[in-house]
Each structure stands twice: as C-alpha cells, then as structure tokens.
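S.K.: dropping a prediction and its sequence here:
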Amino acid sequence: MNLFTDIRSLVIDSLTAMTGEGVLPEGLDFANVAVEPPRDAAHGDMATNAAMVLAKPAKMKPRDIAEALAAKLAADERITSAEVAGPGFLNLRLAPVIWQGILKSVLDAGTDYGRSAMGEGKRVNVEYVSANPTGPLHVGHTRGAVFGDALAALLAYAGYDVTREYYINDGGGQVDVLARSVYLRYLEAHGQEIAFADGTYPGDYLVPVGRALKDKVGDAYLEQPEEVWLADVREFSTDAMMALIREDLAQLGIEMDKFYSEKSLYGTGKIEAALASLEAKGLIYQGVLEPPKGKKPDDWEPREQTLFKSTDHGDDVDRAVKKSDGSWTYFAPDIAYHYDKVERGFDELIDIFGADHGGYVKRMKAAVSALSDGKVPLDIKLCQLVKLFKDGQEFKMSKRAGTFVTLRDVVDAVGPDVTRFMLLTRKNDQGFDFDLDKALEQSKDNPVFYVQYANARICSTLRKAEEQGIAADDATLNAADLSLIADPAQLAVAKKLAEWPRQVEIAARTHEPHRVAFYLYDLASELHGLYHLGKSNEGLRFVNESSQLATHANLALARAVSVVISAGLGILGVKPAEEMR
C-alpha cells in the first residue's frame, strides 16, 4: 500500500473530472503532478503541486486551479481539509482513520509492507566490487561492496529481477605480477632468501599461498625459468586470491550470483564479436587520436589505431580498441563484457566503480548505448574514498596487507552490521570519514546504534508485556483496536510509516540506498520521541496500566515500527537487534 500513490490517483481523478466539467482545458499532461510530504509538517499531511505545474499550459492562475481542486478533494471522505497556500500549493490533511489503516497494513503485510511492483518484469545487472584478484579487499572495496549489495537488495525489494555480478580482472598484466609475487613466497617456503622488486606484492597474505604452491608442486619450479611456471602459478594464484575475496565478502554477508572472468573473453572470439557488432553500425574505423589535452607526454607520437566512434554516443573523444601493434587496449574487453551483458537480455545495467574510475564513465556509457542501440541504460555509480580514523588519528595500514587497511580489519573492529550501516549513511559520491570509535558509541549521534536501539527497545517492551501477562503476539496485536491511536504524537509515527513505500520507490528509482538509512533514522527518532512522551503521559505509554485495550493498540503501533525497521535493515544487509548489550 502506497498511500501517496493512492492520494495522487485521487488528485488525478479530480483533475480529470475538472477537465470534463470545463474547469480545465482538454489535453493537459498530468505526468508532473506530484503528491508528497510538505516541507513543514505543520502545513498538513501531504501537498500537491498540481496547480503550479498546470497553470502555464492551462493559461490559468495557479490559485484558481488550486481552489477548484481543493473543493473536489474536500468531498472525499479521506480528506479532512484541503487548503491553498502561497501562489497555489495545495496542502491536504487526512482523516485519522487513514493513518490507523496504515498500521493495520503494516501488521498484516509484515516486512512485505513497502514492497513495490515498479520493477516487475525488468531484469537488472548490478556489477560491484570487481577488484583485481591480487590481494584481500581493502576499505575502498568495502564501500563499493556494501553500496552495491544494498542497491541490489533495494532493487529486488522494488520488484526487479536482480543479478549480482563480480567481474574478475584476471586478463591483465597485474595477474602476472601476482604470479611472480607468489613465486617469491614459494621460494621463501623452500627456505630461500627473497627480495620484492618494485611493483610486486609484498603483503603477508601471500605467505600461505606460497606454502600451498609448495605443497602442490614440491620443488618442480625451483631454479626454473619463468616460462615454465608463470601460466600455472598465475592460475593457482588467481584461484587462491578469489577464494580469499569470497571469504572477505562473506564477512559482510555478501554472495554473488555470478563471477565473470575477463580471461574468458580472450581467445574465444567474444571481443571480436563485440567489435564486429559496432563495426556493422559504422562505429569502428582506422584513425589517429589527438594528443592528450594539457602537457603532451614526451613519448607521445601519432599512431594509427583501431578506434571506436564513441563521440556518436556522447563521449568527449573517440577511443582506441586495438593498438597499432595489433594488441587489444584495456577498453576492448570492457566493451566485450558489456556486450555479453546486453546479449544476456538485461533491461538495465548498473556498474559500481571506485572514484578513480571516473574517466571511464562516458566511454562505457557510449559503448553500451552503441551496443544496445540506446535500448539498455547503463548507470555508473562512483564510490568516493573512505578515510579510517581510530583514537583520533587516521588509520592507514594493515600489518597483514602491508600497505592498506583490509575489509577484515574494519569488520574485526566494529562488526559487519555496523560497517554496512555506517557506510550507507552517506551518498556514494561523497567522501566518508569512518571513525571506528564513534561507530561503536552508544548515542543519538551514532545512527546505527540509534536505529538498532529503537528496535531493541520495542522488542524489550513486548517481552516485558508478556512477562506481565499481557498478550503481545502478532495475532493479538493485529486484532487491536487501532482507533485508539489518535494522539498527534502517535499519528506522527503512523505518518512516518506511511512514507516507507514511497521512500522505497524513490530510492530504487534513483539508485540511492542511503535514503533507506536516512529514513530509518527518522523513523527511529519518531519512536524514541513517542517513548519519552510516555514517561509523562500514561496514555502514550506502550504498556498502559489503566487500559488493556490501549496497551494492545500502543504495542501494535510499536510492533509496526519494528516491522518496518526490520524490512529496511534487511535491505541494508543489517540484522535488527532485539536487545542491546
């Protein structure tokens, strides 16, 4: 049940009737008519911009439209008042029975309350993490992992058929560097002294991989040239790193539907097929790119290359897909990978990139636009950097990784639930300072504690009620007399619950799961506020010693809040707390 959608339908029906009566001219487009919460709750329960957006095309004064619309809406039993404000905004107040009905809807539907059918019949691919398989995931990967996983869950909650995908970058030279680094650890496992050259990976995480390689092949690769062992060690090392990465993801409760290997694109004709598709559309040609803007590199010289005419699809410059020596550029397999996504029949693609990949946005969007003839949108979300702080100091290094803070360092410090929630309290394109100490602080300033405490407070109240012999099971609360929920403070909580389905659809449409975290904080604030009012007003106490009927109604309200908090935390991948330690 989306109450805002229902009231918008009432507004549209009223406008249609006004058109039939000649109050409005024929042919008006109502697509931009919105119904949403007013900026100031004192102005009403909902507001519509109908008169403002229709005034110009109708060639009428906004207030004239608003006053006529107000008269129509006031005739509906759900509307207790419709007031024109300012130049033509219309503020609506709804009958208490509507808000009481919201509580009933929440209790009846459980955590399915708020689910949407907006994505029904649509397949979406969300690619996230996709870190090079050269080591454990670091804190930067953690943000992309949490953001992508929450977005995937949000889209699934909104009705989309979602595939969670990890692109394994195992086709480039960095995997050769990994193999050489593991080979050094293999030599070390045989008791040899080793030294890491610049560019190799010296982290201790490769020590067990070198030992495992020794266990597998013994001394077969000792004193052998690279061409003997490189391919085998490369595959062995990649598999070991992907096992490590899967373990890292499991620490955050993340499971992928598909791992896609870049290596599978080479030597299989997939890159050639993707480029042939573009060539058939006249988008591949032989040419020479202009030198880079700004200071021209000393080693730059004009070379004829195979180019993709990406400027035809919104890019700033055309892009090379094959070098003058006949080898593929890094962009070529990326094109082939997204061609494969298009061919798999997805209706929408979402890529989660680190902030350092901002330069890839336009070229990748151009490629998908060209490959799909503009039919499959690609949204690329960039996750900005995370800085970790501990004891007031920036925390920069992990002993295990050698050069960076790992995902496991963060999870070990604060736990997976806190990690996930905290990283979703900022929009993905904003930088984030993650204070490990404050993340565990028990105060209103810690959003994850504040939300979890609200749910734990409700669970504790329900347990205490049952200890006092008061039935507090779902069946009893579903049958409570909700007409007793009439105080403005109680109705304010119900009104916040009514916003949940709307927030789900907005967050899913904009691909912004942080909106869920913000909403949960606001809902928790309403719950805590009501709880504190109950200290001085017995009628607002969840357990009202003077009235069992009022107690059941109040507990039903609290239970409805717990249901929605649980649903929201489920989207964020966080377990709702039933008690706080």
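M.R.: Ah, there it is.
S.K.: quick one, helices of the stretch 51-200 of the chain?
M.R.: Secondary structure of the stretch 51-200 of the chain (DSSP state H, counting those that start in this stretch): helices located at 62-74, 96-109, 139-157, 173-189.
S.K.: ranking those helices by burial, who's on top?
M.R.: Among the helices of the stretch 51-200 of the chain, ranked by average contacts under mean count of other Cβ atoms under 10 Å, first place goes to helix 139-157 (a mean of 25). Where C-beta positions appear, they are placed from N, C-alpha and C, glycine not excepted.
S.K.: ok, back up a step: any idea which of the helices of the stretch 51-200 of the chain gets closest to residue 13?
M.R.: Among the helices of the stretch 51-200 of the chain, helix 62-74 comes nearest to residue 13, with 8.7 Å by Cβ to Cβ.
S.K.: show residues contacting the closest one.
M.R.: 10-11, 14-15, 17-18, 23-24, 48, 50-52, 54-55, 58, 79, 81-84, 87-90, 92 (Cβ atoms under 8 Å, 6 or more residues apart in numbering).
S.K.: what's the distance between that helix and the middle of its chain?
M.R.: Taking Cα atoms, centre = their mean, to the nearest Å, one finds the center of helix 62-74 at 39 Å from the center of the full chain.
S.K.: can you check stretch 517-535 too?
M.R.: 24 Å.
S.K.: show me what counts as buried in that stretch.
M.R.: The neighbour-count check on stretch 517-535 (16 or more other Cβ atoms under 10 Å) flags 517, 518, 519, 520, 521, 523, 524, 526, 527, 530, 531, 534 as buried.
S.K.: gap between the closest residue to residue 358 other than its chain neighbours and residue 472?
M.R.: Closest residue in space to residue 358, ignoring its immediate chain neighbours: residue 382 at 5.8 Å, by Cβ to Cβ, 6 or more residues apart in numbering. Distance, residue 382 to residue 472, by Cβ to Cβ, to the nearest Å: 46 Å.
S.K.: same question, residue 363
M.R.: 58 Å.
S.K.: check residue 236 too.
M.R.: For residue 236 relative to residue 472 (Cβ to Cβ), the value is 57 Å.
S.K.: returning to that earlier point: wait, what's in contact with the residue nearest to residue 358?
M.R.: Residue 382 touches 353, 354, 355, 357, 358, 361, 428, 429, counting by Cβ under 8 Å, 6+ apart.
S.K.: and the pLDDT at the residue most central in space within the chain?
M.R.: Centroid-nearest residue in the chain, with Cα atoms, centre = their mean: residue 151, separated by 2.7 Å. As predicted, residue 151 sits at a pLDDT of 98.
S.K.: try residue 400
M.R.: The model reports residue 400 with a pLDDT of 57.
S.K.: same check, this time on residue 299
M.R.: 65.
S.K.: report the distance from stretch 67-78 to the chain centre.
M.R.: 39 Å.
S.K.: nearest spatial neighbour of residue 559, skipping sequence neighbours?
M.R.: In space, residue 559 is closest to residue 477, 5.1 Å off (Cβ to Cβ, 6+ apart).
S.K.: that neighbour and residue 105, how far apart?
M.R.: 14 Å.
S.K.: residue farthest from the centroid of the chain?
M.R.: residue 223 (49.5 Å).
S.K.: quick one: it from residue 230, how far?
M.R.: Counting by Cβ to Cβ - residue 223 and residue 230 are separated by 15 Å.
S.K.: also residue 563?
M.R.: 56 Å.
S.K.: need the contact partners of the host helix or strand of residue 502.
M.R.: Per DSSP states H and E: residue 502 is located in helix 500-510. Here helix 500-510 makes contact (Cβ under 8 Å, 6+ apart) with 1-5, 36, 113-116, 118-119, 154-155, 157-158, 160, 512-513, 515-516, 519, 523, 564, 567-568.
S.K.: what are the buried residues along that helix?
M.R.: 500, 501, 502, 503, 504, 505, 507, 508.
S.K.: turn those residues into CSV, including pLDDT and distance to residue 246.
M.R.: Listed next are those as CSV, based on pLDDT from 0 to 100; distance: Cβ to Cβ, whole Å:
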residue, pLDDT, distance to residue 246
500, 98, 33
501, 98, 35
502, 97, 37
503, 98, 32
504, 98, 30
505, 97, 33
507, 98, 28
508, 98, 27
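S.K.: closest one to residue 267 out of those residues, please.
M.R.: Nearest to residue 267 among the buried residues of helix 500-510, with distances taken as Cβ to Cβ, is residue 508, at 39.2 Å.
S.K.: ok, residue 227 - how many residues close by?
M.R.: By other Cβ atoms under 10 Å, 7 other residues sit near residue 227.
S.K.: phi first, then psi, for it.
M.R.: When read as degrees, to the nearest 10, the backbone of residue 227 gives phi -60, psi -20.
S.K.: how near is it to residue 195?
M.R.: Counting by Cβ to Cβ, the gap from residue 227 to residue 195 is 22 Å.
S.K.: next: residue 275.
M.R.: For residue 275, the distance to residue 195 - Cβ to Cβ - is 42 Å.
S.K.: quick one: which of those two has more around it?
M.R.: Taking other Cβ under 10 Å, residue 275 and residue 195 do not tie; residue 275 has more neighbours (21 against 7).
S.K.: you'd agree that one is up against residue 331?
M.R.: No - applying Cβ atoms under 8 Å, one finds residue 275 not in contact with residue 331, separated by 10.5 Å.
S.K.: intersection of neighbour lists for these two?
M.R.: With Cβ under 8 Å, 6+ apart as the test, residue 275 and residue 331 both reach 308, 321.
S.K.: I'm done for today, thanks for sticking with me.
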